[in-house]
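Asker: what follows is a predicted protein model with its sequence.
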Amino acid sequence: QVQLVESGGGLVQPGGSLRLSCAASGLSSYAMGWFRQAPGKEREFVAAISRSGGFTSYADSVKGRFTISRDNAKNTVFLQMSSLKPEDTAVYYCAAKRQVFTGTVFTSTPAYDYWGQGTQVTVSS
């Protein structure tokens, strides 16, 4: 069982930046992803990264503004969010999928085995 702990959410003005973190022991064995869910909407894919960190994938809505990265030595995955918009407001979830291959990314919610509790991001003036 993997326990994922997200942090870094908060209130930010449009155009601002935030960095989310997701920590858990043994994360180097997992492909990782970030998802978000706004009120009244389904959970949606944001970004994913392979075990090695060499491969990434992004939703079109965040491409060029968000960056996913990982530090396997520190068992932490990050989501750097810049040029934030009000429509980015949501609860952001970290997800992990145990994976043998080091170069695979996953973009669908059913693919993931473990989920964090979520961290709220609010973009508002």
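Answerer: Sure thing, it's come through. Numbering: from 1, shown residues only.
Asker: just give the closest residue to the residue lying farthest from the centre of the chain, not the sequence neighbours.
Answerer: Largest separation from the mean C-alpha position in the chain: residue 125, at 23.7 Å (C-alpha atoms, centre = their mean). The shortest distance from residue 125 to any residue other than its chain neighbours is 5.4 Å, reached at residue 13 (C-beta to C-beta, 6 or more residues apart in numbering). Bear in mind the C-beta positions are built from the backbone N, C-alpha and C, glycine included.
Asker: that neighbour: how many residues sit nearby?
Answerer: Counted with other C-beta atoms under 10 Å, residues neighbouring residue 13 total 10.
Asker: in contact with it, which residues?
Answerer: 123-125 (C-beta atoms under 8 Å, 6 or more residues apart in numbering).
Asker: so what's the residue nearest to the spatial centre of the chain scoring on pLDDT?
Answerer: In the chain, the centroid-proximal residue (C-alpha atoms, centre = their mean) is residue 34; its distance is 2.3 Å. Listed pLDDT for residue 34 reads 98.
Asker: about what we covered before: just checking, the residue farthest from the centre of the chain touches residue 14?
Answerer: Yes. The criterion here is C-beta atoms under 8 Å, and residue 125 meets it with residue 14 at 5.9 Å.
Asker: please name the nearest non-neighbouring residue to residue 90.
Answerer: Distances taken as C-beta to C-beta, 6+ apart place residue 36 nearest to residue 90, at 3.8 Å, with adjacent residues excluded.
Asker: secondary structure element holding the one you found?
Answerer: strand 30-37 (DSSP states H and E).
Asker: tell me which residues are up against that strand.
Answerer: Contact with strand 30-37 is made by 2, 20, 22, 43-51, 68, 70, 77, 79, 88, 90-99, 104-107, 109, 112, 114, 118, 121, as judged by C-beta under 8 Å, 6+ apart.
Asker: direction included, what does that strand pair up with?
Answerer: strand 44-49 (antiparallel), strand 90-98 (antiparallel) (DSSP bridges).
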